[in-house]
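> sequence and predicted structure below; questions after.
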Amino acid sequence: MMQNVPLNGVDGTRRFADMAVVGRLANLIKDARLDCECRSRLDETLARFTALEVRRAAREHLANAHTQRERIEAILFFLQDLDEMGTAERDRSVYLDVALLFDDIANTAREGAFSMRQLSLSPVPPGP
C-alpha cells in the first residue's frame with residue numbers, strides 16, 4: 001500500500017496522513033482473513049478507493065501550488081515600491097515592511113515547493 005505522503009507538512013502541524021489511513025485500513029482487512037467470495041470485490045473496491053485518494057491528494061497539492069504562486073504574485077506587486085526607495089528614508093520602518101514581504105515570499109515558496117515535491121512522489125494516477 002502506498003504510504004509515501006509524509007505525515008508532517010512544512011510547518012510541522014499540517015498533516016497529510018490520508019494515504020497512511022488507507023494503508024492501515026487495507027492491513028486491517030488483510031488481517032481479518034476473509035475467506036469469502038466477496039474478498040476479491042473488497043480488494044477491488046479498496047484499490048479503486050486508493051486510486052481515488054491518490055488523485056484527490058494530487059489535485060489538492062497542485063491547487064495549493066497554484067494558490068502559493070498567486071500569493072507570491074500579489075506580494076511582488078507590493079515590492080514594486082522598493083524601486084522608489086532610497087537609503088535615506090525618514091521612516092525606517094518601511095525597510096522592515098519590505099523585509100517582511102520577502103519573508104512572506106520565502107514562506108509561501110516553501111509551501112508551494114512542498115506541494116510540488118509531494119506531487120512528484122505520488123504515483124501517476126490511472127486514466128480519467
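It's in.
> residue 22: neighbour count?
When neighbours are counted by other C-beta atoms under 10 Å, residue 22 registers 20. Heads up, the C-betas are built off the backbone N, CA and C, glycines and all.
> now the phi/psi pair for the most centrally placed residue in the chain, please.
By C-alpha atoms, centre = their mean, the chain has its centre lying nearest to residue 115, at 3.5 Å. Here is the backbone geometry of residue 115 (degrees, to the nearest 10): phi -60, psi -40.
> may I ask you to name the longest helix in this structure?
Identified as the longest helix of the chain according to DSSP state H is helix 38-79.
> so which other helices or strands are in contact with that helix?
helix 18-31, helix 93-121 (3 or more C-beta pairs under 8 Å, 6 or more residues apart in numbering; DSSP states H and E).
> so in this structure, where's the weakest helix or strand by average pLDDT?
Sorted by mean pLDDT, DSSP states H and E, the helices and strands of the chain end with helix 18-31, the least confident at a mean of 75.
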